[in-house]
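Asks: What shape does this take:
(chains A and B)
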Amino acid sequence: MRKIVLMVVLMAAFIIAVTGCTPQQQAAVEKAAPTVAAAAKAAAPTIAAAAQAAAPTIAAAAQAAAPTVAAAAKAAAPTVAAAAGGAAKSAGAALPKAAEGTALRKVQDRGKVIVGVKYDVPTFGFLNPATNKLEGFDVDLAKGIAKYIFGSEDAIEFQQAVSANRIPFLQNDTVDLIASTMTANADRANQIDFTRAYYVAGQGLLVPANSTITGLKDLAGKAVCSVTGSTSEKNIREKAPQANVVLFQTYSECVQAMDAGRVDAVTTDDNILLGFVKQSPNKYKVPDERFTVEPYAMGVKKGNKELLEAVNAALEGMIKDGTWAALYAKNLPGIKVPNPPPADWREVK
Amino acid sequence: MIPRPPTSRPEWRLPGRSVNWEPWLAPVGVALLLLMLPFVFGLGREGGMELANFEPLFRLSTLQFLAFGLVWTVSVALVAILVSLPLATLFALGRLSGRGFIRWPSIAYIEGIRSLPVLLLIFYMFFRLGSGQLPFVSKDALAVIIALTLYTAAVNAEVIRAGIVSLPKGQFEAAQALGMTYPRMMQSVILPQSFRRVLPTLIAQFTTVVKDTSLGAIIGTVELAQRGRIVFQGFRNPLETYFVVAIMYFVVNFILGRISLRIQRRRKTTPLPREVQEKLFADEMG
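Replies: As a prediction, this is how the structure comes out:
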């Protein structure tokens, strides 16, 4: 009996060691256990094939869009990159070691950067159930930052960060960097340091692909759907008083109602709307107009100046060389890649 | 030929007879109820569950994705349960001890931990563990294990204490009269009997442990419930996903209950010889 209990405990400990780890480590385990990996591969060939087929076209589109954006960025913000020491480093190589005792040096000594991302936001940070891998704009940008600091995209570890715990995570050094759809605002800036803005979220509209609605001005007399009690509901009542606002419990229900022709548009933050577009790009579109402004920025612990500068330089570099635009197009399909937001989130309008 | 007794009291169960179906009736009923639930929640009605929405949940990749969470949940719960049980016994004995320096710390621990929300305990443990990396276990899993262990130990200490004090005084006196030392008395007379008495309550607490692992989401663990949330972000089928996840929890807790019942039966004293049973039965029937 005692032996059995001991065995169970040991087995449980092993299982935890395996499953309690991050998706990357899980991948390593799968590599070590060929049968499991084989089963997994056999399970998802169609999905992988579909993704492969889709990838080149998106990449090509992004490449085409990139040069103009990159040129605009070059003209806009050269000073920040220079100040952050971006000039001292050649592309592809690791960043020179920072001074002893700084947070950046600690990250460099550890050999990987720990980043808190969302796991449940399909466009920004999403643990894809089909592949068991993280994907999204935040995730891709974080990999770019790892590449800037270490010269390798794989020198990174992800930790799930939900809205309730992400600021404590930084203050406790559980993560080095937070990239989790976080809106930069003055209140949060008192607790953590924000990097440059890398995305501007805003309330927008989701309409059927063949719709003629392009913005608020076309909404008079139309039925617009939102969720009961949301800020989106309040905003749309203020900004489009002539629209007929229809309320549901979830956005999925709103979209169903639109499919059935009962409402003409759905309104909320554009990253949620783009999630619907990403799923069925032929059915929906998001017009370019936004009527609120929420700059997304990454966060580091207050006072980690060197790390903040390195992240800023990495982001600046990605904006300059077109990586940012390519990742934007890859993760947020269905809208035109905008000009990069200004470096200081306070200047985002 | 003696007729089969009308009661289902175990001591009357003659060995070597047919399978007892009675314990299986309740779970079968619950399973049927679970299968009916989708219709109660409006399967096919507008805004309710839809059969088509179940399809992505039964792809191998999705099941595998959920299975990772299931294994995490089960193993964390298992470790917490196994470690908490001896701890709970120690604290129960501590609280019953005649020595103040053992009794008072035990009371302080039990009353202190028991009155805290598990969520706070998990959050606190996670930040207590600091920022370092651990060799075998991921930090968030360990935080959940420690928090659940401490909490379950405190709650179960009271349960076990109730079992001990419910025993007739004669049991203690008989053991002492036989010259048993305190550990010997506890080990072979008191604790086996009290465990048998409180086992249903202990099991109830253990199923709570399994469910409470989902609170780990606050510190970013990717357990079963959280994986369910992630899944329906992609497929947009929250009702159906939660339904499947609920069934997974049910199956785990159901198996847990079965295992405990099995242990309970095995710990019972061996049945009396048939002649004695028959005589006892005949006596009782007059």
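Asks: In contact with the residue most central in space within chain B, which residues?
Replies: The C-alpha lying nearest the average C-alpha coordinate of chain B belongs to B:F206 (Cα atoms, centre = their mean; 2.4 Å). In this structure, B:F206 makes contact with B:77, B:81, B:152, B:256, B:260, judged by Cβ atoms under 8 Å, 6 or more residues apart in numbering or on different chains. Just so you know, the C-beta spots here come from the backbone N, C-alpha and C atoms, and that holds for glycine as well.
Asks: Would you mind giving the secondary structure of it?
Replies: helix (DSSP: H, G, I helix; E, B strand; the rest coil).
Asks: Quick check: nearest residue in space to A:G303, chain neighbours excluded?
Replies: Once flanking residues are discounted, A:G303 sits nearest to A:D193: 7.3 Å by Cβ to Cβ, 6 or more residues apart in numbering or on different chains.
Asks: What strand or helix carries that neighbour?
Replies: strand A:192-201 (DSSP states H and E).
Asks: where do the helices sit along the stretch 201-349 of chain A?
Replies: A:231-239, A:251-259, A:270-279, A:305-320, A:323-331 (DSSP state H, counting those that start in this stretch).
Asks: distance between the fourth one and the chain's centre?
Replies: The chain centroid and the centroid of helix A:305-320 are separated by 17 Å, computed with Cα atoms, centre = their mean, to the nearest Å.
Asks: Starting from the lengthiest helix in chain B, tell me the next helix or strand along the chain.
Replies: Determined from DSSP state H, the single longest helix within chain B is helix B:60-96. Next helix or strand after helix B:60-96 toward the C-terminus (DSSP H and E): helix B:100-114.
Asks: Can you name the residues in contact with that following helix?
Replies: With contact meaning Cβ under 8 Å, 6+ apart, helix B:100-114 is reached by B:91, B:94-97, B:121, B:150-151, B:153-155, B:157-158.
Asks: Would you mind checking those residues for buried ones?
Replies: Neighbour-count burial (16 or more other Cβ atoms under 10 Å in any protein chain shown) applied to those gives B:91, B:94-96, B:121, B:150-151, B:153-155, B:157-158.
Asks: nearest to chain A, of those?
Replies: Checking the buried ones among the contacts of helix B:100-114 against chain A by Cβ to the nearest Cβ gives B:L121 as the nearest, at 14.8 Å.
Asks: Which positions in the stretch 1-150 of chain B make contact with chain A?
Replies: B:47, B:59-62, B:64-66, B:68, B:71-72, B:75-76, B:78-79, B:82, B:123, B:126-127, B:130-131, B:136-141, B:145 (Cβ under 8 Å from any Cβ of the partner chain).
Asks: For B:G29, grab the count of nearby residues.
Replies: Neighbour count of B:G29, defined by other Cβ atoms under 10 Å in any protein chain shown: 10.
Asks: and the one helix or strand it maps to, C-alpha only, in CSV?
Replies: Assigned by DSSP H and E, B:G29 falls within helix B:22-40. Taking C-alpha atoms only, helix B:22-40 is exported to CSV below (Å, rounded to 0.1, in the frame of the first residue of the first chain):
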residue,chain,number,x,y,z
GLU,B,22,-27.2,-0.3,-6.0
PRO,B,23,-24.1,2.0,-5.9
TRP,B,24,-24.2,2.3,-9.6
LEU,B,25,-27.8,3.6,-9.8
ALA,B,26,-27.0,7.2,-8.7
PRO,B,27,-24.2,7.8,-11.2
VAL,B,28,-26.2,6.4,-14.0
GLY,B,29,-29.0,8.8,-13.1
VAL,B,30,-26.5,11.7,-13.0
ALA,B,31,-25.1,10.7,-16.3
LEU,B,32,-28.6,10.7,-17.9
LEU,B,33,-29.3,14.1,-16.3
LEU,B,34,-26.1,15.4,-17.8
LEU,B,35,-27.1,14.1,-21.2
MET,B,36,-30.5,15.9,-20.9
LEU,B,37,-28.9,19.2,-19.8
PRO,B,38,-28.1,20.4,-23.3
PHE,B,39,-31.9,20.3,-24.1
VAL,B,40,-32.7,22.1,-20.9
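Asks: Relative to the whole chain's centre, how far out is it?
Replies: 20 Å.
Asks: And for stretch A:225-242?
Replies: 25 Å.
Asks: How about stretch A:309-327?
Replies: 14 Å.
Asks: before we move on, what about stretch B:223-235?
Replies: Centroid displacement of stretch B:223-235 relative to its chain, using Cα atoms, centre = their mean, is 25 Å.
Asks: and it, average pLDDT?
Replies: Across stretch B:223-235, pLDDT averages out at 86.
Asks: What of stretch A:197-215?
Replies: Over the span of stretch A:197-215, the pLDDT mean works out to 90.
Asks: coming back round to it: ok, now which ones touch the residue nearest to A:G303?
Replies: Residues near A:D193 by Cβ under 8 Å, 6+ apart: A:299-304, A:308.
Asks: who's it bridged to?
Replies: A:V300 (DSSP bridges).
Asks: I'd like to check the angle between whichever strand or helix holds B:K211 and helix B:60-96, please.
Replies: Using DSSP H and E, the element containing B:K211 is helix B:191-212. Relative orientation of helix B:191-212 and helix B:60-96, computed by axes from the mean of the first three to the mean of the last three Cα atoms, to 10 degrees: 140 degrees.
Asks: just checking, what packs against the following helix or strand past helix B:191-212?
Replies: The first helix or strand that comes after helix B:191-212 along the chain, using DSSP H and E, is helix B:224-235. When contacts are defined as 3 or more Cβ pairs under 8 Å, 6 or more residues apart in numbering or on different chains; DSSP states H and E, helix B:224-235 sits against strand A:120-121, strand A:125-128, helix B:60-96, helix B:238-267.
Asks: on contacts alone, who are the packing partners of the second one?
Replies: For strand A:125-128, the elements it packs on are strand A:133-135, helix A:137-150, helix B:224-235, judged by 3+ Cβ pairs under 8 Å, 6+ apart.
Asks: ok, 6 Å please
Replies: Counting contacts by 3 or more Cβ pairs under 6 Å, 6 or more residues apart in numbering or on different chains; DSSP states H and E, strand A:125-128 packs against strand A:133-135.
Asks: ok, and what's touching the strand it packs on?
Replies: Around strand A:133-135, the neighbours that count as contacts under Cβ atoms under 6 Å, 6 or more residues apart in numbering or on different chains are A:23, A:126-128, A:158.
Asks: Tell me the most packed of those residues, by neighbour count.
Replies: When neighbours are taken as other Cβ under 10 Å, the top entry among the contacts of strand A:133-135 is A:L127 (28 neighbours).
Asks: Which strand residues bridge that residue?
Replies: With DSSP bridges as the rule, A:L127 is bridged to A:L134.
Asks: So it sits against A:D120, correct?
Replies: No. With contact defined as Cβ atoms under 6 Å, A:L127 does not count as touching A:D120 (7.6 Å).
Asks: helices and strands of chain A: which one has the lowest mean pLDDT?
Replies: Least confident helix or strand of chain A, by mean pLDDT, DSSP states H and E, is helix A:78-83 with a mean of 39.
Asks: right, and the helix or strand after that one?
Replies: As assigned by DSSP H and E, the chain's next helix or strand after helix A:78-83 is helix A:103-110.
Asks: Packing partners of the helix or strand that that following helix is followed by?
Replies: Downstream of helix A:103-110, the next assigned helix or strand under DSSP H and E is strand A:113-117. On a contact count with 3+ Cβ pairs under 6 Å, 6+ apart, strand A:113-117 meets helix A:137-150, strand A:156-160.
Asks: Sounds good, over and out.
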